[in-house]
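Asker: Provided below are the primary sequence and the corresponding predicted coordinates.
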Amino acid sequence: MTLQRPARFLGVFRTDDAARAVYSEGAGVGRIVPQAVAVPHDVGDLVHLMEWASAQRVPLTPRGSASSMANGALGAGVVVDLVRFDRLGVLAHGAHSLHAGAAVTRDRIQQAALLAGRSFPIDPSSSAFATIGGMVATHAAGARSVKYGPLRDWILGLECVFADGTHATLRRGDRGEEVPALQRFLRDVAPRVRGADPARLRHAGVRKQSSGYGLAAWRDTGDAIDLLIGSEGTLAFIVGVEVRLTLQPGGRASILAGFNDLESAAAAAVQLAAHGASAVELLDRSFLEIAADGAEPLPLPKDLEAVLIVEAEGADLEAARALARALAGHSEAAGATHLELALAADDEARLWRLRHAASPILNRLAPRWQSLQLVEDGCVPPARFAEYVRGVRAALAATATRGVIFGHAGDGHAHVNALVDTTDPGWRARCETLLASVTALVASLGGTLAGEHGDGRLRTPLLPQLWHAEALALFAATKEAFDPEGLLNPGVKVPLPGARPLELLKYDPALPALPPVAREALDRVVREKAWNHFRLDLIPPP
């Protein structure tokens, strides 16, 4: 049934095939064609849409740039593009915070902060197109969380629209008693959270957590925003964010340390984080093999099992260089057999190009070989990181799957791209086996499947294998308190009956073809990394 335009809604509302198709895919592996696409003009417009959705019983899925990997920005009801919430506040020199609309990208925030002598230090690799609303929704992180901690430490306030249409701004220290959704949570769920075993609400020793609801953080602070950070649009729509800023570093330098065995590299990563590194990135042998085919390969010894790219920040350039030299010494003491210092900006850029080299190469392997982000966000206690990477390698080998492994080793966090030939008849079964094997591995190591990308529709069905039953029950109760009708991004955070992780894979040759104009637009987004490009501008008007 074709949905009718909501009454009083001023924004764009499209139900044509091309518009629905161009919102059916994101950066992850899934495809879900929605019933409609809505682009609210402002908060009042979003409130009207919420009221209409409640009356029509139509689910709503919020969406920023759709660069998230776990399929949380896809939905079968109405996909709501928040692109119009793009206002950035005025920042006075030396200010400690900045307000940004949900659609403002992290790099826009950082550019404004730098002009005022400040910095917003949370920097996912997608910072050029990652929206701050999406970052808060997934509790995004990045390379420098090893020094600066999780995103929630840098969020001072959230402007939200709740499922019943309530519009409220909540800041640090607010319990939110004036918001009906929070009233229900405080009455019905909060006593159970306070009475729960704290160990069941978090993964001990895991430094980055983007899975489940932030009940452990809320229990520690009592701040309403800690429930909303990482909630992936299932408790409210985030339309504005107040971020905390810090002083920008006076200088940076980097080193590359190569190791002949993975255990030494993983152990060194933990030590380097403790010695003050601002970023510690691991690239394992599989990554190096792929990157060696790039346009500008970095000459490295052939016998390296892994390399660490390590960043040092200082009050000035000399302090950063001194720390980099000290980190090089610690690396050598930890077993590094190859060292390169990058003490000038050009040399630093050359090292970090290696970190970002794989994605363009992987994209060129299509159409036969597809880079599938199936097990791409596992995070374990740092002391067990080497076990995790070796276990992932074993799971890839057992399924005859080539893979690329890289990640934030200082946090015990790895991204994995599986390279899959989707023309092979057994490809789907191998993907399911790989995901099951790595899920069991993460559980055995006390880790999480979602370090910084969220659960989405990919990982939510797997939560019972990673979380205690008491935590799962509290997640469901939290969802019920905020969204009694279950219309906000259903199937994310709380699994729907019968849901499976790998249902509709966009790479499946058996799927119906999308309209050519939408297919061309989606391919362009991937090819040009144009994730923050307004999708409806890429297709003709209806």
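Answerer: On my side now, so go ahead. Numbers count the residues shown, from 1 in each chain.
Asker: every contact and neighbour count from this point should use C-alpha atoms.
Answerer: Will do.
Asker: if you count neighbours, what's buried in the helix or strand hosting residue 385?
Answerer: Per DSSP states H and E: residue 385 is located in helix 385-398. By 16 or more other CA atoms under 10 Å, the buried positions in helix 385-398 come out as 385-389, 391-396.
Asker: repeat for stretch 462-470
Answerer: 462-463, 466-467.
Asker: swap in stretch 342-353?
Answerer: Neighbour-count burial for stretch 342-353 flags 342-343, 347-348, 351-352 (criterion: 16+ other CA under 10 Å).
Asker: got it, and stretch 327-340?
Answerer: 327-328, 330-332, 334-339.
Asker: CA atoms of that stretch as PDB?
Answerer: Output in PDB follows, covering the C-alpha atoms of stretch 327-340 (Å, rounded to 0.1, in the frame of the first residue of the first chain):
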ATOM      1  CA  LEU A 327      57.400   5.700  21.800                       C
ATOM      2  CA  ALA A 328      59.900   4.400  19.200                       C
ATOM      3  CA  GLY A 329      62.200   3.300  22.000                       C
ATOM      4  CA  HIS A 330      59.300   1.500  23.800                       C
ATOM      5  CA  SER A 331      58.400  -0.200  20.500                       C
ATOM      6  CA  GLU A 332      61.900  -1.400  20.000                       C
ATOM      7  CA  ALA A 333      62.000  -2.700  23.600                       C
ATOM      8  CA  ALA A 334      58.700  -4.500  22.900                       C
ATOM      9  CA  GLY A 335      60.200  -6.400  19.900                       C
ATOM     10  CA  ALA A 336      59.800  -4.100  16.900                       C
ATOM     11  CA  THR A 337      62.200  -5.100  14.100                       C
ATOM     12  CA  HIS A 338      61.400  -2.200  11.800                       C
ATOM     13  CA  LEU A 339      61.000   1.500  12.800                       C
ATOM     14  CA  GLU A 340      60.200   4.600  10.900                       C
END
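Asker: average model confidence for that stretch?
Answerer: Stretch 327-340 shows a mean pLDDT of 96 in the predicted model.
Asker: again with stretch 372-381
Answerer: Taken as a whole, stretch 372-381 has a mean pLDDT of 94.
Asker: gap between the two ends of it?
Answerer: In stretch 372-381, first residue to last residue: 25 Å (CA to CA, to the nearest Å).
Asker: among the buried residues of stretch 342-353, name the ones in helices.
Answerer: Mapping the buried residues of stretch 342-353 onto helices (DSSP state H) picks out 347-348, 351-352.
Asker: of the residues you listed, closest to residue 140?
Answerer: residue 352 (20.3 Å; CA to CA).
Asker: which residues touch that closest one?
Answerer: Counting by CA atoms under 8 Å, 6 or more residues apart in numbering, residue 352 makes contact with residue 309.
Asker: residue 479 versus that one, what's the distance?
Answerer: For residue 352 relative to residue 479 (CA to CA), the value is 41 Å.
Asker: re the thing from before, now the next helix or strand after the helix holding residue 385: how far from the chain's centre is it?
Answerer: Later in the chain than helix 385-398, the nearest helix or strand by DSSP H and E is strand 402-408. Here the centre of strand 402-408 is set off from its chain's centre by 16 Å, with CA atoms, centre = their mean, to the nearest Å.
Asker: use 36 as the first number from now on
Answerer: Let's use 36 as the start, then, which means that last one is strand 437-443.
Asker: tell me the helices and strands packed up against strand 437-443.
Answerer: If contacts are counted by 3 or more CA pairs under 8 Å, 6 or more residues apart in numbering; DSSP states H and E, strand 437-443 sits against strand 314-319, helix 320-326, helix 420-433, strand 448-456.
Asker: buried set for the second one?
Answerer: Same thing as helix 320-326. Neighbour counts over helix 320-326 (16+ other CA under 10 Å) mark 320-323, 325-326 as buried.
Asker: excluding covalently adjacent residues, which one is nearest to residue 557?
Answerer: Once flanking residues are discounted, residue 557 sits nearest to residue 57: 6.4 Å by CA to CA, 6 or more residues apart in numbering.
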